[in-house]
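1. coords please:
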Amino acid sequence: MAYPSSQSHVKPRRLSMSKPAMPFSKSQYIIFFPLSFILIISLFMFNASNDELNLSVAQKPKHDSCEGRRIFIYQLPTEFNDRIALDCQNYTFRDWSMCDDVRNDGLGNLMNLDAASDPAAPLLQPSSAWYKTDQFSLEVIFHRRLLTHTCRTEDPAQASMFYLPFYHTLDVSRNLFNPDLTVRDHLTNRFVSWLRQQEPWQLHHGHRHVLTLGRIIWDFYRHPEYEPWGSSLLRQPELGNVTTLLIERCTYGMSVCDNAVAIPYPTNFHPASDAALRSWQTAVRNVKRTRFITFAGSARSGALHNMTGTVRGELFTQCAESPKCKHLLCTQELCADNVQTLYKLYSESVFCLQPAGDSPTRKGIFDTLLSGCIPVVFARNQTVEQYLWHLPGNGSNYSVQLDGETVAFDHYDVMGHLERIPKEEVERLQESIVQLIPRLLIRNHKLEAEYTSKDAIDVAIESLFEWFERGDPQK
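-> Next up is the predicted model:
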């Protein structure tokens, strides 16, 4: 700031030849010098204060985004993870191998998208982002991702989350049809015995501990009094406080449901850059959808599938009778082994019928969302009551929900219902789905360029920390 001269308000004296002119009178000296002294001191103190402020700003540490949110990954004996993956061919009573599924850190092999022979190749771009990912490979993918997480710590005393990289789904899969329950539970018992001895687990009693399981919850909750299906892992008392991330949780009031959280099935698109992600979103937004309704699925029969089979049977009938509905009867070879066929079909369709399968949820729901096709579901426990972190709300922003019993027993006209939805509502749903895509997929942890969007694993980790801080996972 410019200060006015102290002489600017003083009337000049007329000079005298006999006596030198004095610039100030005595009274003016008395006023001027104290004011000047005060001004000099003030300026000195202001500059000193400014220097201290600048020094303080320069020395202030930057905000640590990991503060209070560090992740400790247990170094489990290799018999609980790596050795299971290496044993991918040793499956009881099954002519089946998971060796392809565990390649590329759980993403599986790259799709063979031959532009000359595969009709889906021009759509599924960039081809380097599309993998033959198995729907049950979540444990390997999640573990490999956390190993490179910026908030990982090797000091358990600094951690507020503790991750248990037990590949239990791979172990269950290789022994699922073994009638010897002792063999089936062998690693479960060894894992629990090992965990009891760990100091962080003893200190926290299993709280803030996280375990990823790549199958539905009932595959890990074998009841001793019923049919001996699956594993007994989640019946172990030691795991009562451990949070489990699964592709499907239970949605009713049992104790095992309290700490179970559903996260999306792994899909087949794993972009390694923002550019790859945005390119796919643009393709989904602009693709020409020549089919109105698509139903890709197979029949269900047997006592366990009474309701499921009835709903599916009704949908098969209605779809066959409607010129606007395309039905693809799925087989292992047609759909599971050539999943690019499904993505092409879904990308050409406006609505995709997604009734329950062997359990309420389906990987197909996420395949359709990834393709920009509006899923039509027939029960709240298929999406709304499942994926509370990744698909929040009542489902009206990404799906059409119909009552399965009304469809099955009252023959409600599903095709007519979809035809009556206004074009504006269809367009709103489609754009909403495009915006959801980043949080539903799992990116490649080996990035090729900048990646700023939060994917399904980012959303899960952030939500876990918020839960631990708040104390309730489902609110």
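2. Quick check: which ranges of the stretch 151-300 of the chain have low pLDDT?
-> For the stretch 151-300 of the chain, the stretches flagged by pLDDT under 70 are 225-227, 253, 300.
3. doesn't Gly206 make contact with Glu238?
-> Yes. In this structure Glu238 lies within contact range of Gly206 using Cβ atoms under 8 Å: 6.7 Å. The C-beta positions use only the backbone N, C-alpha and C, and glycine is treated the same way.
4. shared neighbours of these two, anything?
-> Shared contacts of Glu238 and Gly206 (Cβ atoms under 8 Å, 6 or more residues apart in numbering): none.
5. neighbour count winner among the two?
-> Gly206 (20 against 14; other Cβ atoms under 10 Å).
6. tell me the contacts of that one?
-> Contact partners of Gly206, counting by Cβ under 8 Å, 6+ apart, are Glu238, Leu239, Gly240, Asn241, Val242.
7. so can I have CSV of the residues you listed showing distance to Asn381?
-> Shown next, in CSV, are these (distance: Cβ to Cβ, whole Å):
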residue, distance to Asn381
Glu238, 28
Leu239, 23
Gly240, 23
Asn241, 25
Val242, 23
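8. Helices of the stretch 201-350 of the chain, start to end?
-> Assigned by DSSP state H, counting those that start in this stretch, the helices in the stretch 201-350 of the chain fall at 274-286, 306-321, 339-347.
9. most packed of those?
-> helix 339-347 (a mean of 21; mean count of other Cβ atoms under 10 Å).
10. and that helix, what other elements does it pack with?
-> Here helix 339-347 touches strand 291-297, strand 325-329, helix 363-370, going by 3 or more Cβ pairs under 8 Å, 6 or more residues apart in numbering; DSSP states H and E.
11. who's in contact with the shortest one?
-> Outside of strand 325-329, the residues that reach it under the criterion Cβ under 8 Å, 6+ apart are 291-298, 316, 318-320, 334-335, 342, 345, 349, 415.
12. quick one, domains of this structure?
-> With domains defined by automatic domain parsing, the chain comprises 71-98+134-266, 287-438.
13. just so I have it, where are all the helices in the stretch 51-200 of the chain?
-> Counting by DSSP H, counting those that start in this stretch, the helices of the stretch 51-200 of the chain are 82-86, 138-146, 168-175, 181-184, 186-196, 199-204.
14. and the longest one, how far from the chain's centre?
-> In terms of Cα atoms, centre = their mean, to the nearest Å, the centre of helix 186-196 is found 28 Å from the chain centre.
15. How about the second one?
-> How far helix 138-146 lies from its chain's middle: 12 Å, per Cα atoms, centre = their mean.
16. Now tabulate the domains of the chain in CSV and tack on distance to Tyr451.
-> Compiled in CSV, those are given as follows (distance: least, Cβ to Cβ, whole Å):
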stretch, distance to Tyr451
domain 71-98+134-266, 12
domain 287-438, 10
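17. Out of those domains, flag the one nearest Ser273.
-> Set against Ser273 and scored by Cβ to Cβ, those come closest in domain 287-438, at 12.5 Å.
18. Any idea how far that closest one is from the middle of the chain?
-> With Cα atoms, centre = their mean, you get 21 Å for domain 287-438.
19. for that domain, how far is the first residue from the last?
-> 18 Å (Cα to Cα, to the nearest Å).
20. what does stretch 256-268 give?
-> Stretch 256-268 end-to-end distance (Cα to Cα) = 30 Å.
21. Stretch 335-350 too?
-> With Cα to Cα as the measure, stretch 335-350 spans 19 Å from end to end.
22. residues in contact with that stretch?
-> By Cβ under 8 Å, 6+ apart, stretch 335-350 touches 111, 113, 118-121, 123-124, 130, 132, 268, 283-284, 287-294, 296, 326, 328, 330, 334, 352, 364, 367-368, 370-374, 426.
23. repeat for stretch 404-416
-> Under Cβ under 8 Å, 6+ apart, the answer for stretch 404-416 is 293, 307, 310-311, 313-315, 318-319, 322, 324-325, 353, 355-356, 376, 378-379, 402-403.
24. Looking at the contacts of Gly206, spot the one nearest Gly471.
-> Using Cβ to Cβ, Asn241 is the member of those that lies nearest Gly471, at 12.3 Å.
25. What about that closest one, how many residues nearby?
-> Applying other Cβ under 10 Å, we find 15 other residues in the vicinity of Asn241.
26. do the same with Leu436
-> Using other Cβ under 10 Å, Leu436 is surrounded by 16 other residues.
27. what does the one 4 residues further on give?
-> Counted by other Cβ under 10 Å, the residues lying close to Leu440 total 23.
28. Name the nearest residue to Ala115, sequence neighbours excluded.
-> Take Ala115 and drop its neighbours on the chain: the residue closest to it by Cβ to Cβ, 6 or more residues apart in numbering is Ala121, 4.5 Å away.
29. likewise Gln236?
-> Closest to Gln236 by Cβ to Cβ, 6+ apart is Val192, at 5.0 Å.
30. and what of Ile216?
-> Per Cβ to Cβ, 6+ apart, closest to Ile216 is Glu248, 4.0 Å.
31. Surely that neighbour is in contact with Gln386?
-> Yes. Contact criterion Cβ under 8 Å: Glu248 and Gln386 qualify, at 6.4 Å.
32. what's the overlap in contacts for the two?
-> Common neighbours of Glu248 and Gln386 (Cβ under 8 Å, 6+ apart) are Ala262, Pro360, Thr361.
33. In strands only, show me these.
-> Judged by DSSP state E, these include Ala262 as members of strands.
34. Look up how far Ile293 lies from the closest residue to Phe292 other than its chain neighbours.
-> Leaving aside its chain neighbours, Phe292 sits nearest to Lys324 (4.1 Å; criterion: Cβ to Cβ, 6+ apart). Counting by Cβ to Cβ, to the nearest Å, the gap from Lys324 to Ile293 is 6 Å.
35. Then Asp180?
-> Counting by Cβ to Cβ, the gap from Asp180 to Ile293 is 47 Å.
36. higher neighbour count, these two?
-> Set Asp180 next to Ile293 and count neighbours by other Cβ under 10 Å: Ile293 wins out with 24 against 10.
37. quick one, what contacts the more buried one?
-> With contacts defined as Cβ under 8 Å, 6+ apart, Ile293 is in contact with Cys319, Ser322, Lys324, Cys325, Lys326, Ser349, Val350, Phe351, Cys352, Leu353, Met415, Leu418.
38. Which residue comes closest to it once chain neighbours are left out?
-> Spatial nearest neighbour of Ile293, chain neighbours left out: Cys325 (4.2 Å); criterion: Cβ to Cβ, 6+ apart.
39. Also Tyr346?
-> Nearest to Tyr346 is Ser371, by Cβ to Cβ, 6+ apart, at 3.6 Å.
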